[in-house]
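Chemist: heads up, no residue letters with this:
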């Protein structure tokens, strides 16, 4: 299926993790999965670049991980439940990562959620 | 014979489990959420089933991208709470119901639902958070649990219509099991939420209210919602709501709404919860 024929391609601010993204992001996501083991988290934290070099990921993907560019990682095939292993390793919450992806401060984002969240018509 | 005595739907936000585990339930942020489950815990004390058939999704815990089963049934005698990267939740081991699970597997596969059979897996917050909300913090879970994992991580997940039909076949499977067992079917996940990208934080109360109304009164209408509509209107992770339709399909026919609760937000998510009893 090409991009144009995907019925969800026009949803604003949203990358749907479909078979194409999954294929693109396989090694990125499996690297994330490896961070579920404490020993791997320690090795990653000690030298991120060296740890990433053990994975057959693209340079772009490795760069996005080092920069903690979550929107970038999603564009390169990352899935949020896998990427969660990275911000968990950093001791960060889901709300921290969500705020980062929206470009809002964590305080503003938390306030938006407390007042009922982002309205569907608001767009992004 | 075994019988389905109730259906329960419930969100499974990980932060809810963390709030319980860290003793934060009375904090101003969390208190209104947990208040909504006080009735449920009291109700559950007098309606504890023998077995819960618990429909949930794994969040890159047991299933990585190496295996992505659309429907996976847990047939093991027990399931350990998973270490999701910050240590396992301090909750009891989940005891399975291998005989009933094996019977349901055979029955559903013979009804053309091609399940993946899982004999070893850990269970993540998707399964343990609903147990905590309904049972609190017991030393051991008061019933057996059959975990039923649905892929809602990689698109496309099964359609709402398919989930509803699977629920109906599940009802027939449970009804035909020769043992005097009370079984509840739980559908977890949702409601509207989006955890990724610039649109993260989306909540759609109108969609959620309509969904709560219709899962009680007109579930067939919900089976006509296409996947893209969930993504668009309930957020990219709101598509978890298809799992509620397995629960509702298993109840078949009219139901009595025993309890309803809706709350925004738990972290990034709209929390919805229903207790339904079959009238038929």
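Modeler: In hand now; what should we look at? Keep in mind that what you see is a predicted model, and the values were worked out from it rather than measured.

Chemist: Report the closest residue of chain A relative to chain B.
Modeler: Nearest residue of chain A to chain B, counting by Cβ to the nearest Cβ: residue A:117, 2.7 Å away. The C-beta positions use only the backbone N, C-alpha and C, and glycine is treated the same way.

Chemist: any idea how far the nearest residue to that residue once chain neighbours are set aside is from residue A:121?
Modeler: Nearest residue to residue A:117, sequence neighbours excluded (Cβ to Cβ, 6 or more residues apart in numbering or on different chains): residue B:203, at 2.7 Å. According to Cβ to Cβ, to the nearest Å, residue B:203 stands 12 Å off from residue A:121.

Chemist: what's the offset of stretch B:46-56 from the middle of its chain?
Modeler: In this view, stretch B:46-56 has its centroid 11 Å away from the chain centroid, taken as Cα atoms, centre = their mean, to the nearest Å.

Chemist: Look at stretch B:65-74 and report the distance between its end residues.
Modeler: Stretch B:65-74 has an end-to-end distance of 19 Å (criterion: Cα to Cα, to the nearest Å).

Chemist: That stretch close to chain A?
Modeler: Yes: using Cβ under 8 Å from any Cβ of the partner chain, we find that stretch B:65-74 touches chain A at B:65-66.

Chemist: buried set for that stretch?
Modeler: Neighbour counts over stretch B:65-74 (16 or more other Cβ atoms under 10 Å in any protein chain shown) mark B:65, B:69-74 as buried.

Chemist: before we move on, what about stretch A:31-50?
Modeler: Using 16+ other Cβ under 10 Å as the test for burial, stretch A:31-50 gives A:31-36, A:40-41, A:43-44.

Chemist: Rank these by pLDDT and give me only the lowest.
Modeler: Among the buried residues of stretch A:31-50, residue A:36 has the lowest pLDDT, at 92.

Chemist: Mind pulling up the pLDDT for the closest residue in space to it that isn't next to it in sequence?
Modeler: Nearest non-adjacent residue to residue A:36, counting by Cβ to Cβ, 6+ apart: residue B:85, 4.9 Å away. Note for residue B:85: predicted pLDDT of 79.

Chemist: got it, and residue A:2?
Modeler: Here, the pLDDT recorded for residue A:2 equals 54.

Chemist: What is the neighbour count of the residue in the stretch 101-250 of chain B positioned nearest to chain A?
Modeler: Closest to chain A within the stretch 101-250 of chain B is residue B:203: 2.7 Å, counting by Cβ to the nearest Cβ. Residues lying near residue B:203 (other Cβ atoms under 10 Å in any protein chain shown) number 26.
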